[in-house]
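**Q** how does the following fold in three dimensions:
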Amino acid sequence: MVDLTGKKVAFLLTDGYEDSELTSPWEAVEKAGAAAELVAPKVGEVEGKNGHKQSVDRTSGGADAGSYDALVLPGGVVNADHLRMDADSVAFTKAFFDAGKPVAVICHGGWILTDADVLRGRTLTSYPSLKTDLANAGATWVDQEVVVDHGLVSSRTPDDLPAFNAKLVEEIAEGRHEGQKA
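**A** Down below sits the predicted model:
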């Protein structure tokens, strides 16, 4: 088993996220020994589309990517659409790429990557409806269970969570990736 003791992982999301795309990767990184923190545009609590509620640890405007070893971007249409319109969340996301740190995105979570302008020359997957948006942002889109591109981990749907979680933990353990630069 991979040991992530001493690592800290940010989960960036807001209301309307896909519940399992938060809870399953969160459990995977904690089981591997990492600390997980929920980052959101506003203080308080966020609620998933199926009713899971979780307290916000830090706002995206008050969070520093330098304090984390990796970033996870859960999906959910409403969550992803609202996050990409929040300038602090976009800047926080881009900072992980600038630092070469692992980023994991699933389902609709990839929308924010278009606004962060970090997709040119990258290969990733997502929920199929994002294919054109990601391609227009310069990415090569593929329909695969999980794709890893220099520290960027991507998957399509909750059905892919076992493979997504395994690669997420592996990439966090590997640390910085030079090819992850924006």
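**Q** any stretches of the protein with poor pLDDT?
**A** Segments of the chain classed as low confidence (criterion: pLDDT under 70) are 177-182.
**Q** all helices for the chain, in order.
**A** Listed in chain order, the helices of the chain (DSSP state H) span residues 19-31, 77-83, 87-98, 111-115, 131-136, 161-174.
**Q** which elements pack onto the third one?
**A** The reference is to helix 87-98. With contacts defined as 3 or more CB pairs under 8 Å, 6 or more residues apart in numbering; DSSP states H and E, helix 87-98 has these neighbours: strand 8-12, strand 70-73, strand 103-106, helix 111-115. From N, CA and C alone the C-beta is placed, and that goes for glycine too.
**Q** list the buried residues in the first one.
**A** By 16 or more other CB atoms under 10 Å, the buried positions in strand 8-12 come out as 9-12.
**Q** stretch 38-56 now?
**A** For stretch 38-56, using 16+ other CB under 10 Å, the buried residues are 38-41, 46, 48, 54, 56.
**Q** can the residues you listed go into a markdown table with extra columns for distance to residue 170?
**A** Rendered in a markdown table, the data for these read as follows (distance: CB to CB, whole Å):
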| residue | distance to residue 170 |
| --- | --- |
| 38 | 22 |
| 39 | 22 |
| 40 | 26 |
| 41 | 29 |
| 46 | 27 |
| 48 | 26 |
| 54 | 25 |
| 56 | 28 |
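**Q** which one of those residues is nearest residue 75?
**A** Nearest to residue 75 among the buried residues of stretch 38-56, counting by CB to CB, is residue 48 at 10.6 Å.
**Q** need the nearest residue in space to the closest one, chain neighbours excluded.
**A** In space, not counting the residues next to it along the chain, residue 48 is nearest to residue 19; the distance is 3.7 Å by CB to CB, 6 or more residues apart in numbering.
**Q** I'd say that neighbour and residue 54 touch.
**A** No - using CB atoms under 8 Å as the test, residue 19 is too far from residue 54 to be in contact (9.5 Å).
**Q** what do these two both touch?
**A** In terms of CB atoms under 8 Å, 6 or more residues apart in numbering, residue 19 and residue 54 are not both contacted by any residue.
**Q** what about the closest residue to residue 124 other than its chain neighbours, neighbour count?
**A** Counting by CB to CB, 6+ apart, the nearest residue to residue 124 once its immediate chain neighbours are dropped is residue 154, at 3.9 Å. Summarising burial for residue 154: neighbours were counted as other CB atoms under 10 Å, giving 30.
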